[in-house]
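In: What follows is a predicted structure for the sequence shown.
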Amino acid sequence: MANVDEPAGKSREWNFHPNLPISMSPVFDFPPKYKASTDWLLGTWLKLTPPISHLLFAVVCYNLFLPSTVEMQQVAWPWLLQVSLINFGSVVLLAGVLHAYLYIFSFQKNASEIRLSANGKKHALYFR
């Protein structure tokens, strides 16, 4: 338990206190530290996070599925429908994968039993 005499913001139990001084990335250090810079870039920028996966998905769609920029210089229905179908398919694919991951394969806690409450009374609504 925190000491009651401690002023606000000084408790180490519930406040986050970073190590001081706060370090910056070694990419901008002078003289350059190539090993530390490479390790930092590989450890922070090459993780498969949602923005990175979205970027990879966008690059793949751009290179494989979208019409050429020469074709898209003139407004025409065929390429407009193609881009719209790619967008729609992307949303359906993402929603389908998330649905399968969270509900069908039950990786979410208590996914098979979802209860909604209204006015303090429990209504049982089950998804299976």
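Out: Sure thing, it's come through.
In: Give me the helices and strands touching the host helix or strand of residue 58, please.
Out: Following DSSP states H and E, one finds residue 58 within helix 50-64. Counting contacts by 3 or more Cβ pairs under 8 Å, 6 or more residues apart in numbering; DSSP states H and E, helix 50-64 is packed against helix 77-99. Heads up, the C-betas are built off the backbone N, CA and C, glycines and all.
In: so the helix it packs on versus helix 50-64, what angle?
Out: For helix 77-99 against helix 50-64, the angle by axes from the mean of the first three to the mean of the last three Cα atoms, to 10 degrees is 150 degrees.
In: any idea how far residue 27 is from the most centrally placed residue in the chain?
Out: Closest to where the C-alpha atoms of the chain average out (Cα atoms, centre = their mean) is residue 50, at 3.0 Å. Look at residue 50 and residue 27: by Cβ to Cβ, to the nearest Å, they are 23 Å apart.
In: ok, now how distant is residue 83 from residue 73?
Out: 14 Å.
In: Equivalent analysis for residue 60, please.
Out: Look at residue 60 and residue 73: by Cβ to Cβ, they are 23 Å apart.
In: One more: residue 79?
Out: Remark: distance between residue 79 and residue 73 (Cβ to Cβ) = 10 Å.
In: just residue 36 next, same as before
Out: Counting by Cβ to Cβ, the separation of residue 36 from residue 73 is 47 Å.
In: between the two, who's got more neighbours?
Out: Using other Cβ atoms under 10 Å as the criterion, residue 36 and residue 73 rank with residue 36 on top: 13 against 9.
In: For the more buried one, which non-adjacent residue is closest in space?
Out: With Cβ to Cβ, 6 or more residues apart in numbering as the criterion, residue 36 has its nearest non-adjacent residue at 4.0 Å, and that residue is residue 26.
In: what about the one you found, how many residues close to it?
Out: Other residues near residue 26 come to 16 when the count uses other Cβ under 10 Å.
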